[in-house]
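Peer 1: missing the sequence, but the structure's below:
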């Protein structure tokens, strides 16, 4: 069943008088529960595609459907609400709030939920436990290693029971061991929870674990292949 | 909500030095304004007491309807003895009235036989004057109005002279003087008096002022009645209702009288109050501008440093109002802490003034008086709320642009 359906998606940025086309006429279907790597060189449109799928940006033309709902014309308030309820984000630099503990960082998206969420502390603790950081719940980000911080970010992405987690270069700032650990965790969560994961990456260490790979070049999809993950 | 508050508090601590200086700026500004406001309150309250009790004018004064018309005759300005009797009877009926003070205004020449000087004064019944002054509270409650003896009902020739007049004539307590002036019908007349007291002039009184017994003034003017009648009420709050009641009563009794509140009667009070209110307003404006600029600067720097964090929060689903709310909460905390510090500094200032007991010569009384600062809970509350509201408004202004930034732009911010 399709989570996303993209048809004829283009995104053009204007830098003064210069127009830069980041994505051109992209058609794409992403099913629920998929684990996808979006690859390509710098400037190929990976981040733009992630931003559009994550409702952080809107296309210049074309249509994006999520669960059958057209996202292209939503106003920002509604987009924020959908981001909060359906989409989780993992950033390259972890992007944790430095003044909050690991538990509080994970709790944060629940606080943005309209009307608040009951038992947000318990749910955040469960999400932290799921990424193996129950013992570090009260540590601040600067007291955690890079790998641990990224685990917190993953827990934060999953705590709202998001349908999709969009991870932008999630292992770029990690050593090999931590990167492998993060990837294992992502594969495990994808398998157990059927959460869709979309990873923007050119880290070859990860690709072996990912069954679907989309390759972008100059804003177009040049390759979309499915293969059995190792 | 607790997480929001924790986050806001920790963000303030993130830049301790900047937050501390902002809080200090607000605190000192707050204390400066409220202390000066407290001083203005002390001053205006003292002036009020002086007008109502010190000069025994009461809360309201009755005057002949045409008393201030150009070319007004004696008849236009003076209540006759019969009219005064009717007025006193009417006023005695009302339960809110606690004292009625008929007064006669006198102008003439005071002489000790060698030197003469023009003089102006007010005559009233001494016991009524003392009774009304007895209601004064605060600094004026303990104020000794004169040097020498009080004027007494049974000593009608006793007179009080201002220090200026005393110096001009070279008279002393116990000296005999002659007060000369016109009778009501325009003839020249003179009465013998004895100086029983020397007093300092207050407010806009002439330096050549006298205080005398009503009977002595009547003797000089060869007239009964009074120029004006001061009315003291149990409480000033009764004044509007009382005036509403009195107006038809006077009309029905055929008395053509005008009513003036104590504020309307006292140009000096109005002038001084307005002057200090302008100064106070000016101080307030300066302090508010500094406080608002400081908060805007603090929040703007914080917004700039945390633009990427704002992008993350927006990506996680925090809406534009939520971002503004976050900064508003931080700013409200700055406002609360600043106001709390301001209140502490204000209390410290108040205690210091109480302990050091400084004195000064106020504009209304030409003698050294204690300098006081009043604590006015209503003003303290308004100032506290004002500071918090302004801090929040400043934060909303400073965070507006960042909150409306595209999420991707905020995430790319370095």
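Peer 2: Noted; the coordinates are in hand. Here the structure is a predicted model, which is why all the values come from computation and not from measurement.
Peer 1: Residue B:158 bridge partners, please.
Peer 2: residue B:194 (DSSP bridges).
Peer 1: Neighbours of it, how many?
Peer 2: By other Cβ atoms under 10 Å in any protein chain shown, 22 other residues sit near residue B:158. Any C-beta I mention is one placed from the backbone N, CA and C, and that applies to glycine too.
Peer 1: Surely it touches residue B:213?
Peer 2: Yes: in terms of Cβ atoms under 8 Å, residue B:158 counts as a neighbour of residue B:213; the distance is 6.4 Å.
Peer 1: Quickly list what's touching both of these two.
Peer 2: B:126, B:151 (Cβ atoms under 8 Å, 6 or more residues apart in numbering or on different chains).
Peer 1: Which secondary structure state is assigned to the residue nearest the centre of chain A?
Peer 2: Central residue of chain A (Cα atoms, centre = their mean): residue A:166, 1.1 Å from the mean position. Following DSSP: H, G, I helix; E, B strand; the rest coil, the label given to residue A:166 is strand.
Peer 1: pLDDT score for the closest residue to it other than its chain neighbours?
Peer 2: Leaving out its chain neighbours, the residue that sits closest to residue A:166 by Cβ to Cβ, 6 or more residues apart in numbering or on different chains is residue A:54, at 4.5 Å. Listed pLDDT for residue A:54 reads 94.
Peer 1: residue contacts, residue A:54?
Peer 2: By Cβ under 8 Å, 6+ apart, the neighbours of residue A:54 are A:83, A:87, A:89, A:166, B:315.
Peer 1: now with 10 Å?
Peer 2: Counting by Cβ atoms under 10 Å, 6 or more residues apart in numbering or on different chains, residue A:54 makes contact with A:79, A:82-83, A:86-89, A:164-166, A:168, A:198, B:315, B:407-408.
Peer 1: isn't there a helix covering residue A:94?
Peer 2: No: Residue A:94 is assigned coil when assessed by three-state DSSP, not a helix.
Peer 1: I'd like the distance from it to chain B, if you could.
Peer 2: Using Cβ to the nearest Cβ, to the nearest Å, residue A:94 is found at 9 Å from chain B.
Peer 1: Tell me how many other residues crowd residue B:278.
Peer 2: Other residues lying near residue B:278 total 10 when counted by other Cβ under 10 Å.
Peer 1: whoops, residue A:17 was the one
Peer 2: Neighbour tally, residue A:17, other Cβ under 10 Å: 5.
Peer 1: What does the closest residue in space to residue B:43 that isn't next to it in sequence show for phi and psi?
Peer 2: Counting by Cβ to Cβ, 6+ apart, the nearest residue to residue B:43 once its immediate chain neighbours are dropped is residue B:276, at 6.3 Å. With angles defined as degrees, to the nearest 10, residue B:276 sits at phi -70, psi -30.
Peer 1: what is the residue nearest to the centre of chain A paired to in the beta sheet?
Peer 2: Bridge pairing for residue A:166 - DSSP bridges - gives residue A:89, residue A:198.
Peer 1: does it really touch residue A:201, like I thought?
Peer 2: No: using Cβ atoms under 10 Å, residue A:166 is not in contact with residue A:201, being 11.7 Å away.
Peer 1: Quickly list what's touching both of these two.
Peer 2: What both residue A:166 and residue A:201 touch, as defined by Cβ under 10 Å, 6+ apart, is the set residue A:38.
Peer 1: any weak-confidence spans in chain B?
Peer 2: Within chain B, the stretches with pLDDT under 70 are B:363-365.
Peer 1: can you tell me the helix or strand for the one residue in chain A that gets nearest to chain B?
Peer 2: Closest approach between chain A and chain B, counting by Cβ to the nearest Cβ: residue A:84, at 2.3 Å. Per DSSP states H and E, residue A:84 falls inside helix A:76-86.
Peer 1: likewise residue B:285?
Peer 2: If you go by DSSP H and E, residue B:285 is part of helix B:267-305.
Peer 1: quick one, whichever helix in chain A runs longest and strand A:164-168 angle?
Peer 2: Secondary structure of chain A read by DSSP state H shows that its longest helix is helix A:176-193. Angle of helix A:176-193 versus strand A:164-168, following axes from the mean of the first three to the mean of the last three Cα atoms, to 10 degrees, is 160 degrees.
Peer 1: Just give me how far helix A:176-193 sits from the chain centre.
Peer 2: 14 Å (Cα atoms, centre = their mean, to the nearest Å).
Peer 1: What are the buried residues along that helix?
Peer 2: A:178, A:179, A:180, A:181, A:182, A:183, A:185, A:186, A:187, A:189, A:190 (16 or more other Cβ atoms under 10 Å in any protein chain shown).
Peer 1: Output the residues you listed as TSV; include the columns pLDDT and distance to residue B:121.
Peer 2: Listed next are the buried residues of helix A:176-193 as TSV, based on pLDDT from 0 to 100; distance: Cβ to Cβ, whole Å:
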residue	pLDDT	distance to residue B:121
A:178	85	97
A:179	84	100
A:180	85	103
A:181	86	99
A:182	86	97
A:183	86	102
A:185	86	98
A:186	88	99
A:187	89	104
A:189	87	97
A:190	90	101
